[in-house]
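**Q** One predicted model, sequence on top.
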Amino acid sequence: MTDRDALFAGLRRWPDVEDAALQAHDASDALILDEAAGGTAQGRMPADVVVIGDRHGALTLGALHDGAEHVRVHQDSIVGERALDANAAAAGMTGFAHHPLDASLVEGARLVLLQLPRSLDELDEIAELVATHADERVVLVAGGRVKHMSMSMNALLERSFRSVHASLGWRKSRVLRAQAPRRPGISWPRTRRHDVAGEPLIVAAHGGAFAGTSIDIGAQTLLAHLPEILDRPLAADAPQVVDLACGTGVLGVALALALPDIRVLATDASAAAAASARATAAANAVEDRVVVRQADGLEDVPDASVPLILLNPPFHIGAAVHTGIAERLIADAGRALAHGGELWCVWNGHLGYRPLLDRIGETRQVSRNAKFVVTATRRR
């Protein structure tokens, strides 16, 4: 076992969901590092490296182990950031700094390491950013598991770079190397107009936001019950309601448009989601009443303080179907929900969240179709 193998073996996902079926790293992390270092004259990392899409620290700490001295890193998930910090502390490693996905992340960069996202839109936004703001000699080394890669990724990278080449496969992983940036400029976030309950609603989305500028089917299902959700004196009860795991902010903005006297707190662990929700609020002129926070669930929200929570929880962790995140979100909603308050939740019927909701209070099934269940849970 090499020193880097030992480093990887010690990585944990905590405080992210931990499960025997979920790993903190995979072979693509090692391949990205090897391909990046192999492309330098000394076979080691240069002093300055940019890392994008690191999940729990493998790329960032691996780059530092392999010779980098300063790493600028962007992780979409705030929980992933905290996992990197925890893994670095456990390994006694420093030398990295967290950055948003903006020009400050890649300005002047010569080497960018990317864990390929599954979303082509997310890859497009990252490629545009690197090709627009990094050094003209930049090399983007982007890797992932072969089963999640497609030729569409090569074609998309070629829109921002003149040269794109694929490595040989290794342990079911592969790397794409992109060079010679075209300086395309930035086209994100993007917007799209929808009609919700007969009223216009503009959705804005960055590349990494789930469903993009569309309204996902789960949110559509919950929005169909908006008149029932609003059938209570919220403005008189308390001024703030919550859009938990808000994504692009559709649910929270729809509430704010329908009830001009309320304030909405929209939270999501994803930086792309939080940025998209802010842009959606601004596009609908409710940014003064929709506060968006990138957060792990409802951290910093007091117990028993919120009269209404809307939740359309994710049922994936990366590429794996897993209920761990939803279970945490439902439990956190139960903690923050005021006595007599309601949690309105939409979920895939086969996942069986009803026992979790029943722990919070009295749950009634509002509707059910072939795919989704909508429930309303009143806290005791």
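**A** Nice, I can see it. Numbers count the residues shown, from 1 in each chain.
**Q** Now the most centrally placed residue in the chain. Nearest residue, chain neighbours left out?
**A** Nearest residue to the geometric centre of the chain (CA atoms, centre = their mean): Ser270, 3.2 Å. Sequence neighbours aside, Asp76 is the residue nearest to Ser270 in space, at 5.3 Å (criterion: CB to CB, 6 or more residues apart in numbering). (Each C-beta comes from the backbone N, C-alpha and C, glycine too.)
**Q** my read: that neighbour touches Asp268, true?
**A** No: Asp76 is beyond contact range of Asp268, at 10.1 Å (criterion: CB atoms under 8 Å).
**Q** The two: which has the busier surroundings?
**A** Asp268 (29 against 25; other CB atoms under 10 Å).
**Q** wait, the more buried one sits on Val250?
**A** No: using CB under 8 Å, Asp268 makes no contact with Val250, being 11.8 Å away.
**Q** Am I right that Leu176 sits in a strand?
**A** Yes: judged by DSSP: H, G, I helix; E, B strand; the rest coil, Leu176 forms part of a strand.
**Q** Isn't it up against Gly143?
**A** Yes: between Leu176 and Gly143 there is a contact under CB under 8 Å: 7.3 Å.
**Q** overlap in contacts of those two?
**A** When contacts are counted by CB atoms under 8 Å, 6 or more residues apart in numbering, Leu176 and Gly143 are jointly contacted by 116, 167.
**Q** Can you name the residues bridging to the residue nearest to the centre of the chain?
**A** Judged by DSSP bridges, the bridge partners of Ser270 are Ser77.
**Q** From Asp26, how far off is it?
**A** Counting by CB to CB, to the nearest Å, the separation of Ser270 from Asp26 is 21 Å.
**Q** With Lys371 instead?
**A** Taken as CB to CB, the span from Lys371 to Asp26 is 30 Å.
**Q** Give me the more crowded residue out of the two.
**A** Asp26 (19 against 13).
**Q** What backbone torsions are found at the residue lying closest to the more buried one once chain neighbours are set aside?
**A** Once flanking residues are discounted, Asp26 sits nearest to Arg145: 6.7 Å by CB to CB, 6+ apart. Dihedral pair for Arg145: phi -80, psi 140, per degrees, to the nearest 10.
**Q** Lys371 is in contact with Ile217, isn't it?
**A** Yes: in this structure, Lys371 is within contact of Ile217 by CB under 8 Å, at 7.0 Å.
**Q** give the contact list for Ser276.
**A** Ser276 sits in contact with 189, 204-206, 209, 247-249, where contact means CB under 8 Å, 6+ apart.
**Q** So which of those belong to helices?
**A** In helices, defined here by DSSP state H, there are no members of these.
**Q** Which of those residues sits closest to Asp296?
**A** Gly247 (15.5 Å; CB to CB).
**Q** Tell me how many other residues surround the closest one.
**A** Residues near Gly247, counting by other CB under 10 Å: 29.
**Q** same question, Thr2
**A** 9.
**Q** And it, how far from Asp54?
**A** 20 Å.
**Q** cool, and Asn369?
**A** 38 Å.
**Q** Between the two, which is the more surrounded one?
**A** Neighbour count, other CB under 10 Å: between Asn369 and Asp54, Asp54 has more, with 29 against 10.
**Q** and the more buried one, what are its phi and psi?
**A** phi -60, psi 140.
**Q** and if you look at Pro355?
**A** According to degrees, to the nearest 10, Pro355 has phi -60, psi -40.
**Q** Equivalent analysis for His194, please.
**A** According to degrees, to the nearest 10, His194 has phi -130, psi 160.
**Q** Give me the distance between the two termini of stretch 363-380.
**A** Using CA to CA, to the nearest Å, the gap from the first to the last residue of stretch 363-380 comes to 10 Å.
**Q** Report the mean confidence score over that stretch.
**A** On average, the pLDDT along stretch 363-380 is 94.
**Q** Tell me, how many residues neighbour Arg328?
**A** Around Arg328 there are 18 residues (other CB under 10 Å).
**Q** Skip the chain neighbours and tell me the closest residue to it.
**A** Nearest one to Arg328, counting by CB to CB, 6+ apart, is Gly297 at 6.2 Å.
**Q** what about that neighbour, neighbour count?
**A** Neighbour tally, Gly297, other CB under 10 Å: 21.
**Q** Which secondary structure state is assigned to it?
**A** Under three-state DSSP, Gly297 comes out as coil.
**Q** got it, and the one 3 residues further on?
**A** Under three-state DSSP, Asp300 falls in the coil class.
**Q** Next, the contact list for the residue nearest to Asp26, please.
**A** 26-28, 172-173, 319.
**Q** just Val106 next, same as before
**A** 50, 72, 112, 129-130, 133-134, 138.
**Q** C-terminal to the helix or strand of the chain with the lowest mean pLDDT, what's the next element?
**A** Here the helix or strand of the chain ranked lowest by mean pLDDT, DSSP states H and E is strand 320-321, holding a mean of 45. Scanning forward in sequence from strand 320-321 by DSSP states H and E, the next helix or strand is helix 324-336.
**Q** next one: that following helix to chain centre, how far?
**A** Put simply, helix 324-336 sits 17 Å off its chain's centre (CA atoms, centre = their mean, to the nearest Å).
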